[in-house]
Each structure stands twice: as C-alpha cells, then as structure tokens.
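Enquirer: just the structure for this:
(2 chains)
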There are 2 protein chains.
Amino acid sequence: MYLVKVYITLKPTVNDPQGLTIKGGLHTLGFGQVKSVRAGKYMEIKLDEEDRLKAEEQIREMCRKLLANPVIEDFRFELEEINPTSR
Amino acid sequence: MYLVKVYITLKPTVNDPQGLTIKGGLHTLGFGQVKSVRAGKYMEIKLDEEDRLKAEEQIREMCRKLLANPVIEDFRFELEEINPTSR
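Expert: Take a look at the predicted model:
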C-alpha cells in the first residue's frame, strides 16, 4: 500500500490567470512583497499495490490519462509506503 | 528571496466530492487499485523577503486570510531560498 502525493503544475511558459488573480488579491491585502504566484493541483492517492515500480508506473499512467493535461501541465509525485490498516 | 511551496488540503473529516469523482474516473479507466483520492491545491509563491522568520509569518497570514479556508482546510508550506536574479 502506498500513499502517493501528486503535484501538478502549469508548464513555466504557460500563462497562469489563476495565479495572477491570487497575486493581485495578495497585493490588495497588503502583501506587496509577493513577486509571483503559480497555481497548481495537489492530490493524495492511496494505492493498493505492493511493488514500488508497478505503483510508480500506474501513477505515471494516471497522470498522463486523467490527472494532468500533458500539453500544458507537468507532474511529479512522491511515494510513501503505508500500513494497509490505515486504509 | 524565497520560493514558497504551499500545500492546501481538506481536513480529514471533510467530505471531498472532487476526490471521489477523480477516484471514480480512475476506476472507470481500469485503475481499480486506487483506494482513495483527496484533492487539494498547490501554489508556488516567490516572496521578496530576506528574513526567513518574517517570510514564514507572512505566508502563514496569507494562508489564513486568502489562500486557505481555515474552517475546512489545512495548510503547510516549505521555504526555499532562491537567487533574486531568477525573478
């Protein structure tokens, strides 16, 4: 059993209107030292798989097929082995 | 100058319909080993501040005031010192 933390970010060259809006909001609230904000997604997935390599391959495929848009987004992930009883 | 990575997650007791939908989609695609999905947000903020403690305090305040909803969400963050020229 693995807990997988998936981070999905826009590619650096892609415009990020959500991030710009958050930056604007922070400036309005007085946080003028904020130079840039990039918004992304974060997911925690529990995967019932014992083999680490197989788990990595599955997550990579999930990201390509559903979780991320490979045209405009990058993804990375971390695996952490967990006890199945914490299911 | 700091690059701050902010992770915002729903509190464990809060229902996560977005995560359930993603889980359903993954199952439909054949990833039946997915036991649970929790969806969250991820942000990368560049902050023009030299003092680490001040930077941390600012980020904490931003999370409380704008980035997270403290009633239903938890946040955590990591600071990484960066070169101002990479602005």
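Enquirer: so, low pLDDT: which residues of chain A?
Expert: Chain A contains residues with pLDDT under 70 at A:84-87.
Enquirer: how does it look with 50?
Expert: A:87 (pLDDT under 50).
Enquirer: neighbouring strands for the longest strand anywhere in it, and are they parallel or not?
Expert: Secondary structure of chain A per DSSP state E: the longest strand is strand A:34-47. Within its sheet, strand A:34-47 is paired with strand A:2-10 (antiparallel), strand B:34-47 (antiparallel), according to DSSP bridges.
Enquirer: closest one to B:Val71 among the ones you listed?
Expert: strand B:34-47 (15.3 Å; CB to CB). For the C-beta atoms, the positions are set from N, CA and C on the backbone; glycine is no exception.
Enquirer: please convert the strands paired with strand A:34-47 to a markdown table, extending it with distance to A:Ile72 and mean neighbour count.
Expert: Formatted as a markdown table, these follow (distance: least, CB to CB, whole Å; neighbours: other CB atoms under 10 Å in any protein chain shown):
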| stretch | distance to A:Ile72 | mean neighbour count |
| --- | --- | --- |
| strand A:2-10 | 6 | 20 |
| strand B:34-47 | 15 | 21 |
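Enquirer: save those as JSON lines, and put in distance to A:Lys23 too.
Expert: Shown next, in JSON lines, are these (distance: least, CB to CB, whole Å):
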{"stretch": "strand A:2-10", "distance to A:Lys23": "14"}
{"stretch": "strand B:34-47", "distance to A:Lys23": "8"}
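Enquirer: wait, which of the ones you listed is closest to A:Pro70?
Expert: Across those, closest to A:Pro70 is strand A:2-10 (CB to CB), at 10.4 Å.
Enquirer: quick check: next helix or strand after that closest one?
Expert: Once strand A:2-10 ends, the next helix or strand along the chain (criterion: DSSP states H and E) is helix A:17-28.
Enquirer: could you tell me the angle between that next one and strand B:34-47?
Expert: Per axes from the mean of the first three to the mean of the last three CA atoms, to 10 degrees, the angle that helix A:17-28 makes with strand B:34-47 is 50 degrees.
Enquirer: show me what helix A:17-28 is packed up against.
Expert: Applying 3 or more CB pairs under 8 Å, 6 or more residues apart in numbering or on different chains; DSSP states H and E, one finds that helix A:17-28 contacts strand A:34-47.
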